[in-house]
Every structure is written in C-alpha cells, then in structure tokens.
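**Student:** Would you be able to build a 3D model of this:
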Amino acid sequence: MKATETLTWKDIQEIPALLDAFSKTAAEKLNDSALKADDESVHLIGRGSSGNATLFAKYIWETYAGVYTDFIHPHAIFEAKYPLKFDSKAVWAFSQSGQSTDVIECLKKLMSWGAKGVAVTNEPDISKNPLATAANRHILLSNSKENAVAATKTFALQLWLVLWTAHVWRKCFTPGDFKDTSGMIAQYLKNPSILSPGRFSFWDEIKSASEMAFVGRGPFYGIATDAALKFREMAGVHAAAYSAAEFLHGPIGAHGAKDLVFLLSPSAHSLPEDLEKVRKALKERSTAYHIITPAGGEYPFNSIITDIELKIAALLLAVEKGLNPDSPKGLKKVTETF
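**Tutor:** Below is the predicted model:
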C-alpha cells in the first residue's frame, strides 16, 4: 500500500477546504449554539481524539475567552450516589460519529440534572447520530465524514471549532487569523515532497525507537496527546504524551537511550523555559529527542499544522511497516465502552 492510496491521506487533503467551509457560517452558527453558563463556565466530555480536542479547548477557552473549562469523567457520573448540581450548566460532548455510547448516556444523565447539552460531531445524518438527537444544540463540523478509523480531518475541525468559539465569545482573534491559517495549510499540503519520509530528520530514529513520547505545553499539549494516539493507532508504536511539567515529575525516568522524545515547541525561534528543562534532562540521560516546530503560522493557530505534520509521519511509518493505517487491527470506527 502506498500512502497516496490511503483513505487517511484523502481525509488529510480535505482539511483546508473543510476549514474554509466551516468558517463561512461559523459566526452565525456559534452565536446560537456555543452555550456557556451564566458564570462563564463550560464542562466537556470526549473520548479518544475527541477527548484530546477537549484538552485543547480548555487551554484556548480559559486563556483567550475567559471561560472556565472543566472535564467530565463519565464513570463518576454513572456511579454518583446523589444527583449533582448541573442546573443551567453547559456541557459540550465531542464525538466524531455521535455514536459513542458512554458519551451519549453521560450527556443524557447530566441533562436530566439540569444541564444544557451541546453535541459536536462530524455525522450529518441525524438518524445515525444519537448524540445530536439527545443534545439541546448540535454543531456539525462538516458534511464530509471521516473515511479512515483514526480521526484526522475531524480532529482538525474540532480544533478549528474551538478557536472559532473563543473568537465568538470574546473577539480574541481576527478573520485574517483563520483565513491565513487555512491558506497556509493548503500550500503546505501541496508540497511535492510532503509524503517523502526522507524530509523528516528523525526518520531513522523513529523507525528504531523502542518507545516514543510527545511533550507539549498549553494547546500544544493537546496536539501531543493526539499525536501519540495516532502513532499507537496507525503505526502500532508504544507512544505517550505529557505536559512538560508532568514529564519532569516522573515519566522522564522511564525513557532511556533506546527511546525517542518529541518536544512540541510553539515557536521556531526559541524553546519555552519548561521545554528547555526537558531538553536538558533528556540530554543528560542520553535519550534521543527532536524539537518539532510549526511549519508556519501564528500561535495558537500554528498548532494545527504541527498536528497535520505529525499525522503524516504516523501515516508514513504505518505504510513502511506494512500496516493498514485506514483500518488498524483491533480498532473500530465507533468504540462502545458503555
């Protein structure tokens, strides 16, 4: 199988056009659907890539929009001995398919306690989207369903939604930020060598690494978590993700000379202080590391192109290993955990 023949690559190629399409109606759509509580708070539910998108949302909404953002853990909700006070709270449930059973039932439970529910999905057929049916509002990311099992374009759209929501709430960005970012991604994907493994300086190391770790901070921590997930899903690599501070509090002790660590920097000009501390600690341990910087764009929008860059690396590694990145063994499009 060639990378160009995969559904994953097809999904990735669609990203710029889908971002532009979402932007055309984003302000109107979100003015009605982007619910938050009167105390400027929201609660989030998500699993897998969708859960990683909620981590990105926490950093963006708290930093740029002044909206307190908390995570819901479904198990605690299902096991609650007493009703929790969710009157007038806003709960956003992220799910690519709208069919994640625990996310659906958790949202229903919270709504029965008074919450207003917002479903974020990429499934346009409402008859196949029970999460959208259950919620008070439904934000449809696109009319182009994910072709492969591992989410690529849906994740990018979830990040885009998060950025647009912050802008609708607080006017913290400009229309040009969105236009410039989608245009930059479109040009990036037209690069003739985009699917050449040789363009990655870490290619030989990535093929031989025993374990991999992705370390980021702020929104780039959300990118790190999904990069690790994609390398696990598509390429069958044991990969984990950490915030810079968390990594230094213990996990670094498990990484040695046979491993590879990626430091996700928001800037090509300088490494943030906490990531610099990680770099020095890795050097002392003789652990291989590579600093990944955005191919272009302004912070925090440049996190999206870093995400795409790492998804392509995972795709190419899967193909080189003779794996099917579109339908990894043991994985399904919809994971039922409830």
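**Student:** Give me the pLDDT value at Lys333.
**Tutor:** Lys333 carries a pLDDT value of 61.
**Student:** Then the one 5 residues further on?
**Tutor:** Residue-level confidence at Phe338 comes out at 64, pLDDT.
**Student:** in the chain, which spans are helices?
**Tutor:** Applying DSSP state H to the chain gives helices spanning 7-33, 48-60, 74-79, 101-112, 130-134, 153-170, 175-189, 203-208, 219-235, 244-248, 273-284, 302-320.
**Student:** Just the buried residues of the first one, please?
**Tutor:** Spelled out, that is helix 7-33. Of all the residues in helix 7-33, those buried under the rule 16 or more other Cβ atoms under 10 Å are 7-16, 18-23, 26, 29-30, 33. Heads up, the C-betas are built off the backbone N, CA and C, glycines and all.
**Student:** what residues are up against the closest residue to Tyr68 other than its chain neighbours?
**Tutor:** Excluding its sequence neighbours, the residue lying closest to Tyr68 (Cβ to Cβ, 6 or more residues apart in numbering) is Ser41, at 4.2 Å. Applying Cβ atoms under 8 Å, 6 or more residues apart in numbering to Ser41 gives the contacts Val67, Tyr68, Thr69, Asp70, Lys89, Ala90.
**Student:** got the domain boundaries for this protein?
**Tutor:** 3-175, 191-320 (automatic domain parsing).
**Student:** got those domains as a markdown table, with mean pLDDT and distance to Thr181 columns?
**Tutor:** Formatted as a markdown table, the domains of the chain follow (pLDDT from 0 to 100; distance: least, Cβ to Cβ, whole Å):
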| stretch | mean pLDDT | distance to Thr181 |
| --- | --- | --- |
| domain 3-175 | 97 | 7 |
| domain 191-320 | 96 | 4 |
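**Student:** Now tabulate those in JSON lines and tack on distance to Asp326.
**Tutor:** Below are the domains of the chain laid out as JSON lines (distance: least, Cβ to Cβ, whole Å):
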{"stretch": "domain 3-175", "distance to Asp326": "4"}
{"stretch": "domain 191-320", "distance to Asp326": "9"}
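**Student:** out of the ones you listed, which comes closest to Leu331?
**Tutor:** Each of the domains of the chain has some distance to Leu331 by Cβ to Cβ; the shortest is domain 3-175, at 5.2 Å.
**Student:** re the thing from before, ok, the residue nearest to Tyr68 to Trp160 distance?
**Tutor:** The gap separating Ser41 from Trp160 is 22 Å, by Cβ to Cβ, to the nearest Å.
**Student:** Counting neighbours, what do you get for Ile185?
**Tutor:** 24 (other Cβ atoms under 10 Å).
**Student:** mind checking how far it is from Thr293?
**Tutor:** Distance of Ile185 to Thr293, computed by Cβ to Cβ: 16 Å.
**Student:** show me what contacts the residue nearest the centre of the chain?
**Tutor:** For the chain, the residue nearest the mean C-alpha position is Ala53 (4.0 Å; Cα atoms, centre = their mean). Under the criterion of Cβ under 8 Å, 6+ apart, the neighbours of Ala53 are Gly46, Phe94, Phe155, Gln158, Leu159, Val162, Gly222, Asp226.
**Student:** Dump the residues you listed to TSV, plus distance to Ser196 and neighbour count.
**Tutor:** TSV is the format used below for the contacts of Ala53 (distance: Cβ to Cβ, whole Å; neighbours: other Cβ atoms under 10 Å):
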residue	distance to Ser196	neighbour count
Gly46	34	23
Phe94	33	32
Phe155	23	32
Gln158	28	27
Leu159	26	25
Val162	31	27
Gly222	27	29
Asp226	23	30
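**Student:** Tell me who's in contact with the closest residue to Lys29 other than its chain neighbours.
**Tutor:** Nearest residue to Lys29 in three dimensions, chain neighbours excluded: Ile139, at 6.7 Å (Cβ to Cβ, 6+ apart). Counting by Cβ under 8 Å, 6+ apart, Ile139 makes contact with Lys29, Leu30, Ser33, Ala34, Val118, Ala119, Val120, Thr121, Leu161.
**Student:** just Glu309 next, same as before
**Tutor:** When contacts are counted by Cβ under 8 Å, 6+ apart, Glu309 touches Ile292, Ala295.
**Student:** 10 Å - rerun?
**Tutor:** Tyr188, Ile194, Phe200, Ile223, Ala227, Ile292, Thr293, Pro294, Ala295 (Cβ atoms under 10 Å, 6 or more residues apart in numbering).
**Student:** How much space separates it from Tyr221?
**Tutor:** Glu309 is 16 Å from Tyr221, by Cβ to Cβ.
**Student:** And for Leu18?
**Tutor:** For Leu18, the distance to Tyr221 - Cβ to Cβ - is 24 Å.
**Student:** Since that was my last question, I'll sign off now.
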